[in-house]
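Peer 1: the following comprises the amino acid sequence and a computationally predicted model.
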Amino acid sequence: MSVRVRYAPSPTGLQHIGGVRTALFNYFFAKSSGGKFILRVEDTDRERYSDESLQDLYDTLSWLGIKWDEGPVVGGPYGPYIQSERTELYQKYAKELVEKGKAYYCYCSPERLESVRKEQIEKKSEYQGYDRHCANLTEEERAEYERKGIKPVIRLRVPTEGKTTFHDVLMGDITRRNRDISPDPILLKSDGFPTYHLANVIDDHLMGITHIMRAQEWIPSGPLHVLLYQAFGWDIPTYCHLPMVMGKDGQKLSKRHGSTSLRDFREKGYLPEAIINYVTLVGWSLDGSTEFFSREDLEKCFKLENIHKAPAVFDYKKLDWFNGYYIREKAEDELAVLVLPFLQKAGYISQSPDKDELDLVAKLVKPARERMKVLSDIVPLSAFVFEDVPVVQREMYIAKGADLEKTKKALSEGSSILLSGLKGGKEESAIEEELVELSKALELKVNGVFQPLRVAITNSTVSLPLFDSISLLGLEETEKRIRRAEKILEE
RNA sequence: GUCUCCUUCGUCUAGUGGUUAGGACAACGGGUUUUCAUCCCGUCAACGCGGGUUCGAUCCCCGCAGGAGAUGCCA
């Protein structure tokens, strides 16, 4: 039987790292085993649903280059793939369970449930959950509730005896006593929508899903789902619960640890290559030494057996390292295209750039490339070209081992070497040699000459290489800034 | 509280009944370099604890501890 897996997110927020990792694992497993990857939208929570989240799901997957074989937009033989369009189906199956005696109608109000819960907590009762108040209602009692117009929910009748086991590819057998399974979970809500448990089981069965790969937080409900499959008389798919993604403090990764939504990462200038490579390595490895994987590599070599069991901490620094690596791997013209929107957003480049602007960006990319961890780093790196904020503190111009007098000399003599050399079309390496000579003559380290020039020209002690900076700025502007710096040092 | 799962450097991980326990990121140090960065070299750093089994356990078994997750008309 060929593999069919699915990613089934609920559009109640932006796609985040954990979800994307689940999607990636499902996708790579499908591809590497010649199976199908299905996308299903589990939008049964009508209160938290948002259109924006749904759009973000599509945007994120396509940004990553993940195509689904069946699902919304592309369709497929088991559609619709959006659960809110399948409600009648769930209602039908829920009623079937009631008829079989495996489920029952419950008329308890949320208020009553809340008070039951409260009491259990106060009494530190060993068993928590629904008290099965409506489990054995008579027809008359039911009719009475119906007459009052109370909309019931449908609950699964969980056996109180025995135990239920399911097999997980990674974990092995997991067994739970039935009495420990949350008593009689709701299958169908009073608004007619199914809960996760019902819809998920029905759809996985109907859509022929062979492997259920989802986060480990679902392990405790595994036995419940098995009970549901059994109640319907269906075969149980293979389970594979994925290790959770944690923050630095060992808690489930969340916003307080840093960015978690893919949209954030995209806006900061992370590359899909880096995200895919790093995120896949959280909880999975091929051999412990191979570091770099392209999407295409993973589509071939991903194996279930290499998935780790323990939860993994998400390391933002390692992601940065991967991202820097992939930025450096980019061809200059490609990188120029990628960087452009960030410069536009900063207001440095116009929305419809002319040739001069595009040339400037192209020129910028080369020296900036190996200094970027994220694409948005282009903004601070190039700020000196677009915003001129002179350094007025004199000590900033003075390199280690230099003093004010020598620095003044270095700036005036250095700048004349520099400017006349450049105007005369001299080789940069020749000019550089002369500047080194100057530093010797002034009994300074090389930087004693370069630092004042750098601060004068780039308004910072840290910058792109001096000659690149000048070339970006133009000779005229360079000279202007040097003259200004000389004045600052004279004051 | 109850249930379930997990446990190799700070982090992601490799690995085996006998290994100098390997790699990567981070950190630190050095080299190249006009600063920064890149690049190169190096250093630091781990088998949670206690019992067994065994000639020998990081690896097998049992406890314990710690961590996480679940316990919703959320998924």
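Peer 2: Noted; the coordinates are in hand.

Peer 1: drop to CA atoms for contacts and neighbour counts, all remaining ones
Peer 2: Noted.

Peer 1: need the distance between the two termini of stretch A:131-151.
Peer 2: Its first and final residues considered, stretch A:131-151 spans 19 Å by C-alpha to C-alpha, to the nearest Å.

Peer 1: the strands in chain A, which residues?
Peer 2: With DSSP state E applied, chain A shows strands at A:4-7, A:36-39, A:103-106, A:153-156, A:163-168, A:172-177, A:186-188, A:211-215, A:238-242, A:245-246, A:312-313, listed in chain order.

Peer 1: got these as a markdown table, with mean pLDDT and mean neighbour count columns?
Peer 2: Output for the strands of chain A, formatted as a markdown table (pLDDT from 0 to 100; neighbours: other C-alpha atoms under 10 Å):
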| stretch | mean pLDDT | mean neighbour count |
| --- | --- | --- |
| strand A:4-7 | 98 | 25 |
| strand A:36-39 | 98 | 24 |
| strand A:103-106 | 96 | 23 |
| strand A:153-156 | 96 | 24 |
| strand A:163-168 | 93 | 18 |
| strand A:172-177 | 92 | 13 |
| strand A:186-188 | 96 | 24 |
| strand A:211-215 | 97 | 21 |
| strand A:238-242 | 96 | 21 |
| strand A:245-246 | 94 | 22 |
| strand A:312-313 | 96 | 19 |
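
Peer 1: RNA strand B: which of these is closest?
Peer 2: RNA strand B sits nearest to strand A:312-313 of all the strands of chain A, at 3.6 Å, using C-alpha to the nearest atom of the strand.

Peer 1: contact residues of the stretch 301-450 of chain A facing RNA strand B?
Peer 2: Contact residues (C-alpha under 7 Å from any atom of the strand) of the stretch 301-450 of chain A with RNA strand B: A:306-315, A:317-318, A:321, A:325, A:370-372, A:432, A:446-447, A:450.

Peer 1: excluding sequence neighbours, find me the nearest residue to the one residue in the stretch 101-250 of chain A that gets nearest to RNA strand B.
Peer 2: Nearest residue of the stretch 101-250 of chain A to RNA strand B (C-alpha to the nearest atom of the strand) works out as A:Glu217 at 3.2 Å. Leaving aside its chain neighbours, A:Glu217 sits nearest to A:Met244 (7.4 Å; criterion: C-alpha to C-alpha, 6 or more residues apart in numbering).

Peer 1: list the residues that contact the one you found.
Peer 2: Contacts for A:Met244 (C-alpha atoms under 8 Å, 6 or more residues apart in numbering) come out as A:Gly18, A:Ala215, A:Gln216, A:Glu217, A:Lys252, A:Ala310, A:Pro311, A:Ala312.

Peer 1: residues near the third one, how many?
Peer 2: Going back to what we said before, that points to A:Gln216. Around A:Gln216 there are 18 other residues, counting by other C-alpha atoms under 10 Å.

Peer 1: contacting residues for the nearest residue to it once chain neighbours are set aside?
Peer 2: Nearest non-adjacent residue to A:Gln216, counting by C-alpha to C-alpha, 6+ apart: A:His241, 4.9 Å away. By C-alpha under 8 Å, 6+ apart, the contact set of A:His241 is A:Asp168, A:Val169, A:Leu170, A:Met171, A:Ile212, A:Met213, A:Arg214, A:Ala215, A:Gln216, A:Trp218, A:Ile219.

Peer 1: let's go with 6 Å and repeat that
Peer 2: By C-alpha atoms under 6 Å, 6 or more residues apart in numbering, the contact set of A:His241 is A:Met213, A:Arg214, A:Ala215, A:Gln216.

Peer 1: mean confidence score for stretch A:196-204?
Peer 2: Averaging pLDDT along stretch A:196-204 yields 97.

Peer 1: thinking again about what came up before, I'd like the strands of chain A as JSON lines, with distance to A:Phe342 appended.
Peer 2: Shown next, in JSON lines, are the strands of chain A (distance: least, C-alpha to C-alpha, whole Å):
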{"stretch": "strand A:4-7", "distance to A:Phe342": "32"}
{"stretch": "strand A:36-39", "distance to A:Phe342": "32"}
{"stretch": "strand A:103-106", "distance to A:Phe342": "55"}
{"stretch": "strand A:153-156", "distance to A:Phe342": "51"}
{"stretch": "strand A:163-168", "distance to A:Phe342": "45"}
{"stretch": "strand A:172-177", "distance to A:Phe342": "48"}
{"stretch": "strand A:186-188", "distance to A:Phe342": "47"}
{"stretch": "strand A:211-215", "distance to A:Phe342": "35"}
{"stretch": "strand A:238-242", "distance to A:Phe342": "35"}
{"stretch": "strand A:245-246", "distance to A:Phe342": "29"}
{"stretch": "strand A:312-313", "distance to A:Phe342": "30"}
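
Peer 1: list just the one of the ones you listed that sits closest to A:Arg142.
Peer 2: Among the strands of chain A, strand A:103-106 comes nearest to A:Arg142, with 8.3 Å by C-alpha to C-alpha.

Peer 1: kindly export the closest one (C-alpha atoms) in CSV.
Peer 2: Listed next in CSV are the C-alpha coordinates belonging to strand A:103-106 (Å, rounded to 0.1, in the frame of the first residue of the first chain):
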residue,chain,number,x,y,z
ALA,A,103,-22.1,7.5,21.8
TYR,A,104,-24.9,9.5,23.4
TYR,A,105,-26.5,12.9,23.5
CYS,A,106,-25.5,15.2,26.3
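
Peer 1: elements contacting that strand?
Peer 2: With contacts defined as 3 or more C-alpha pairs under 6 Å, 6 or more residues apart in numbering; DSSP states H and E, strand A:103-106 has these neighbours: strand A:153-156.

Peer 1: okay, now the closest residue to RNA strand B within the stretch 251-400 of chain A: neighbour count?
Peer 2: Closest approach between the stretch 251-400 of chain A and RNA strand B, counting by C-alpha to the nearest atom of the strand: A:Gly283, at 2.6 Å. Residues lying near A:Gly283 (other C-alpha under 10 Å) number 20.

Peer 1: in contact with the residue nearest to A:Pro159 when sequence neighbours are not counted, which residues are there?
Peer 2: If the residues on either side of it in the chain are set aside, A:Pro159 comes closest to A:Asn178, at 6.0 Å by C-alpha to C-alpha, 6+ apart. Applying C-alpha under 6 Å, 6+ apart to A:Asn178 gives the contacts A:Pro159, A:Thr160, A:Gly162, A:Lys163.

Peer 1: thank you, goodbye.
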